[in-house]
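# give the three-dimensional model of this entry:
(one chain, ligands or ions: 1)
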Amino acid sequence: MFFYSFLKSLLFLFDPEIAHRITINYLKFARFKKPKLYKVLQSEVFGLNFQNPIGIAAGFDKNGEVAHNLINLGFGFSEVGTVTPKPQPGNPRPRVFRLKDDRAIINRLGFNSVGFSEVKTKLEKIGDNIIGVNIGANKNSKDFSEDYIKGIKFFSTLASYITINISSPNTPGLRNLEVLENLDVLLDKINNLEREDLLIKIPILLKISPDLEADNLKYLCEKVLSSKIDGLIISNTTISRDSISTDTLEKGGLSGKPIFDISTKQLRMAYKYTNGKIPLIGVGGVDSAEKAYEKIKNGASLIQLYTGLVYNGPNLIKDINEDLSSLIERDGYSNISEAVGAEVN
Ligand SMILES: Cc1cc2nc3c(=O)[nH]c(=O)nc-3n(C[C@H](O)[C@H](O)[C@H](O)COP(=O)(O)O)c2cc1C
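Numbering: from 1, shown residues only. All right, here's what the predicted structure looks like:
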């Protein structure tokens, strides 16, 4: 921890995107001690066997450069992306901002991506690791939902699962896919893939925003239950600034500690609306075992994090897994799956 405090003070001297590039390059070559396994944390979700429930959230390894190494570091799974069909540069820099006092980040990267083909080449083989690919649409795309269909077809023989990211606040118009007719069109196209005889054997997840109003969330959950979607990731970043103390006018999606409550509330409502029938991945503001456990008790079968890693360093993963296994055993559960949704009534 002390070592990371020192390293962090150095990394934080750089622009966040440069600091991130340094971290990715380090991860490419670093070797880690094999992480400890905890039987209580092992579970089967979406037909995949997870060694532990803590995954790296999308956005950290957008291009699939270090997905395997992150699992060696201790994550139970990695999510690569968001990847767009064609390469695109994203928004002009600066576009990532640290809010240190709030232990938060604002980003408006806008899907900077090397594109589907290059990510496929980088990932090569997934092997035994669980690596999901998070797909998006190109900014200048004429038909967003077609971009997602392309992505499902393109990665279905490689990825462990695919995430359809319709919740980035940084691609104008994208979030419209979360609601009403647009959602219907997208889900119909996904349902039709099966009819096209494209036997999709891998799970397909939908990543949603914490800003969806309760009515729309309810509608989305009902639609999802009668579709080929296997689970939800809750949530992406928020455009709200209600929970921060930093005075900032920067536009973009807010992540980290301040979004814990709003994303956990959204998770809890989605668990209710789906009656616990499909697995949910809880994301947003997780930086300790207690926070991870709270997500689990509010309906998450798995957890993802990103901003917590930036502020707490790589030991966070090992610490969360160790402390989480103790919390689960303390409460008399023999496996994490028994605690999922325990506090939702
Ligand atoms: C710099 C940055 C880039 C991100 N890029 C993506 C992305 O490309 N696709 C995506 O689905 N989510 C992206 N996210 C959102 C995260 O995956 C996650 O949903 C969100 O940050 C909340 O988790 P956290 O509070 O643990 O960071 C990004 C987050 C950050 C901080």
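
# for the stretch 201-345 of the chain, what lies in contact range of the ligand?
Proximity of the stretch 201-345 of the chain to the ligand, by C-beta under 6 Å from any ligand atom, involves residues 207, 236-237, 255-256, 259, 283-286, 305-308. For the C-beta atoms, the positions are set from N, CA and C on the backbone; glycine is no exception.

# before we move on, what about the stretch 1-150 of the chain?
57, 58, 59, 62, 81, 82, 96, 105, 107, 109, 134.

# so which of the residues you listed is the closest to residue 272?
Set against residue 272, the nearest of those by C-beta to C-beta is residue 57 (23.4 Å).

# for the closest one, give me its contacts.
79, 283, 304, 305, 306 (C-beta atoms under 8 Å, 6 or more residues apart in numbering).

# count of neighbours near residue 189?
Neighbourhood size, residue 189 [other C-beta atoms under 10 Å]: 16.

# which SS state does it fall under?
helix (DSSP: H, G, I helix; E, B strand; the rest coil).

# doesn't residue 143 make contact with it?
No. Counting by C-beta atoms under 8 Å, residue 189 does not reach residue 143; the two are 9.9 Å apart.

# before we move on, back to that, highest neighbour count among the residues of the stretch 201-345 of the chain next to the ligand?
When neighbours are counted by other C-beta under 10 Å, residue 284 leads those with 33 neighbours.

# which residue packs closest to that one, ignoring adjacent ones?
residue 263 (2.8 Å; C-beta to C-beta, 6 or more residues apart in numbering).

# so for the helix or strand containing the one you found, mean pLDDT?
Per DSSP states H and E: residue 263 is located in helix 260-273. In this model, helix 260-273 has an average pLDDT of 97.

# check stretch 222-239 too.
The model assigns stretch 222-239 a mean pLDDT of 94.

# list the buried ones in that stretch?
223-224, 227, 229-238 (16 or more other C-beta atoms under 10 Å).

# send me it as CSV with only the CA atoms.
As requested, the backbone C-alpha atoms of stretch 222-239 are provided in CSV (Å, rounded to 0.1, in the frame of the first residue of the first chain):
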residue,chain,number,x,y,z
GLU,A,222,-39.2,-6.7,-18.9
LYS,A,223,-37.9,-6.6,-22.5
VAL,A,224,-34.6,-8.2,-21.6
LEU,A,225,-36.4,-11.1,-19.8
SER,A,226,-38.1,-12.1,-23.0
SER,A,227,-35.0,-11.7,-25.2
LYS,A,228,-31.8,-13.5,-25.9
ILE,A,229,-29.9,-11.2,-23.4
ASP,A,230,-28.3,-13.3,-20.7
GLY,A,231,-27.5,-10.6,-18.1
LEU,A,232,-27.1,-6.9,-17.3
ILE,A,233,-24.1,-4.9,-16.3
ILE,A,234,-25.1,-2.1,-13.9
SER,A,235,-23.8,0.4,-14.4
ASN,A,236,-21.8,2.7,-16.7
THR,A,237,-20.8,6.2,-15.6
THR,A,238,-23.3,9.0,-14.7
ILE,A,239,-23.8,12.4,-16.2
